[in-house]
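In: next comes the sequence, and after it the predicted model I'd like to discuss.
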Amino acid sequence: MTHFYIQIALDGNTPKRDTIEKVFLGKFKQTEFSKEKNCVILAADFLNDNFQLEKKGAIINFQMNTKKMLPLKKPQKEKKKGTSYSPVISINTKTMDVEIKTDPFGAHLVYIATSENGKIIIASHMKYIIAMHPKLLNELDYNALVEYLFCHAILGVKTFFKKIRLLPGNSKITIKNWEKKTQEVLDNGITRRKSWYTFPKDYVKTDDIDETAKEISELLKTQMKNFAAIENVELAFLLSGGLDSRLLISATDKKWKKSIETYTFDSFSDGKEIKYAKGVSDILGIPHHYKVISDADVLKYCFKHMWHCEGLSNHVISIRHALYEKVNGEKLFFDGLLGDGPFGGNYLVYTEKLVRKYMSPERRLMENLIANEYAFPKRKFYAILDASKDQTLQILEQGMQEQRNLLWEIDNESLGLEYLLTQTRARGYMLGGSRSFSHLVSINVPYTHPEIISSYLKVPPKLRKKRKLELLTLKYLNKELADYPTTSLIWYNRLFATWFIQFGFKSLQFFESLFRVPLLPKYSSVPYFEWMRKQESYYEMILDLLSDNAIIWNILDKAKTMKLFNDFIKRKNHLHKFILHIIDLEITLRLFFALKEDSEKITLVSDAFKTEKSFQLKLSLEHLKPIVKND
């Protein structure tokens, strides 16, 4: 991906090139720098010609990640230079007007902030903004922290920090006359944004998905052909035992497969991920590498991983660093989507009654997140938060409303809810995993291409049940792989979708809680809950993060939260996924505050109920400075 930092300053006080380069992370193949009287831009990439930076008269145009977002439905020869769905930033150096067009899905994140003395900063990473302007650390957005704890995602355009925004996808934003009220004008520009890409407004009314599967297979082949044509790179696939990554590798032309390698991670050497991924690689005749995840690996890499993903990912999948550090930017990596399920439809199918139960779309989104274990159960969440139940509910419903306001015009409410569920999960996991390694290699998530998303969204969720659409698509690409078993479609995963198996699973959890003995069999996932229950090194790290001086205790009730944690260790509850929300937030805040240069208090600001709370850091974060300062 393209890394960039842009600063526009009314007083002409812009940083030098070497000052910005010191905070950039990565050994890039291409770097360009542009400096005008009131504007400075630094851009860098692992791929050559993956961004364009040019000036025409008073206008500076910057377009990033151009090779990842080429149109797919036009023949290659008809594509014009510069044609891409990727983000574009235009700056008029005379009037200081700024125009920003984000990519349709919002996969290429663009952060924007205001700083002292009339400055606008735009960057690919939040860490670049804060490294250059550390005073932005002094105001935390309380609402954003609550949302992150609830569903491991920050909703709307908020970030952890009050004066930094994450621009929404599929938006054209214009910022004019911002010299006097910079923050107000910026927020108004975001509010008045316009959608520019036309996504489906309703599902296609058909029971035949064969043509759609064929269409998606052709789109994938075109996209993989575009990637394979990039000079001087080799292709590498993060191959799980599921369907998403299998579709990608099947869409790659046979002539490229001699230079392809696959990589798999699992918690057990005999795990299903490794078994099925190796089978796929053997069928295709492609070299396969795997790594068994251990708690020692996570301890080694988790802080570095969370710093590079800026809290979007999860600290327990940090093992990928061991692989990417060895590769060192020499390969083009491809990844599928979280949980082997591109969009929310799989989950909406199983929770149809729940979707209709609540009156407001905001509550329906909340309940879907809870039902599918992407969010805290409300009762327990209200109990551990410092704010009251009513205040917390107000924050969450306001956040869900902000998220909903980011959508284009949609006629079918189920489609809108499906896309909302996808976008909420995407910010927390789908994009976080790939972004956490963007300083080491060029990593791509092809399913975020708008033409592929549009084709997928046309199909009603009931027709995608049991992965019918993906399997049909795979049959067009490679019938042998379509017939080969996957982790998402093996018999016990199919059974798990049925109500009586889910009831049995919940019953086993209940008896585990009652008798405090292990009853559920181990499964092929990251067993962080078992690492904690062993009460060894990983457990000690978690205890250190939950120490008396932890930053998180300015938001949560320490006694109630620690009771929840200790009950989990004793098998009295099964909230392992939600406890990680707390750990991930503590790690992320510690890393950001390791950049703090002053002794000023940190203020928690809440727009929901117009209050502020200040606190002083009590921790020494010197040991984290080598990570955050790229030493």
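Out: Yep, that arrived.

In: and the residue nearest to L385 when sequence neighbours are not counted, what does it touch?
Out: Counting by Cβ to Cβ, 6 or more residues apart in numbering, T392 is the residue found nearest to L385 once chain neighbours are left out, at 5.3 Å. For glycine as for every other residue, the C-beta is placed from the backbone atoms N, C-alpha and C. Counting by Cβ atoms under 8 Å, 6 or more residues apart in numbering, T392 touches V146, F381, Y382, L385.

In: which helices and strands sit right next to the host helix or strand of the second one?
Out: To tie it back to what came earlier, the one meant is F381. Here F381 sits within helix 378-384, counting by DSSP states H and E. Other helices and strands packing on helix 378-384, by 3 or more Cβ pairs under 8 Å, 6 or more residues apart in numbering; DSSP states H and E, are helix 389-404, helix 558-569.

In: show me what it is in contact with.
Out: Identification of contacts with helix 378-384 by Cβ under 8 Å, 6+ apart yields 149-150, 366, 370, 375, 389, 392-393, 556-557, 560-561, 564, 575, 578.

In: most neighbours out of those, which is it?
Out: With neighbours taken as other Cβ atoms under 10 Å, the top of these is A375, carrying 26 neighbours.

In: what separates it from L421, distance-wise?
Out: 11 Å (Cβ to Cβ, to the nearest Å).

In: residue contacts, A58?
Out: Residues in contact with A58 (Cβ under 8 Å, 6+ apart) are N92, T93, K94, T95.

In: and if you look at K613?
Out: By Cβ under 8 Å, 6+ apart, the contact set of K613 is Y142, N554, T603, L604.

In: pull the helix or strand with minimum mean pLDDT from the protein.
Out: Least confident helix or strand, the chain: helix 491-496 with a mean of 45, by mean pLDDT, DSSP states H and E.

In: make CSV out of the contacts of K613 and add pLDDT, distance to V459 and secondary structure.
Out: Listed next are those as CSV, based on pLDDT from 0 to 100; distance: Cβ to Cβ, whole Å; DSSP: H, G, I helix; E, B strand; the rest coil:
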residue, pLDDT, distance to V459, secondary structure
Y142, 95, 40, helix
N554, 94, 46, helix
T603, 94, 47, strand
L604, 94, 44, strand
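
In: show me which pair in those is furthest apart.
Out: The most widely separated members of these, counting by Cβ to Cβ, are N554 and T603 (10.6 Å).

In: looking at those two, which is more packed in?
Out: A side-by-side neighbour count of N554 and T603, using other Cβ under 10 Å, places N554 first with 19 against 14.

In: pretty sure that one contacts L617?
Out: No: N554 lies out of contact with L617 (Cβ atoms under 8 Å); the separation is 9.9 Å.

In: tell me which stretches of the stretch 51-200 of the chain form helices.
Out: Applying DSSP state H, counting those that start in this stretch to the stretch 51-200 of the chain gives helices spanning 126-132, 142-151, 182-191.

In: so which bits of the last one are buried?
Out: Yep, that's helix 182-191 we're talking about. The neighbour-count check on helix 182-191 (16 or more other Cβ atoms under 10 Å) flags T182, V185, L186, G189, I190 as buried.

In: need the contact list for the fourth one.
Out: This points to G189. I173, T174, I175, K176.

In: among these, which lie within strands?
Out: I173, T174, I175 (DSSP state E).

In: would you mind measuring from P134 to V23?
Out: From P134 to V23 the distance is 11 Å (Cβ to Cβ).

In: which stretches of this protein have low pLDDT?
Out: Within the chain, the stretches with pLDDT under 70 are 74-83, 322-323, 325-330, 337-359, 372, 425-433, 488-526, 631.
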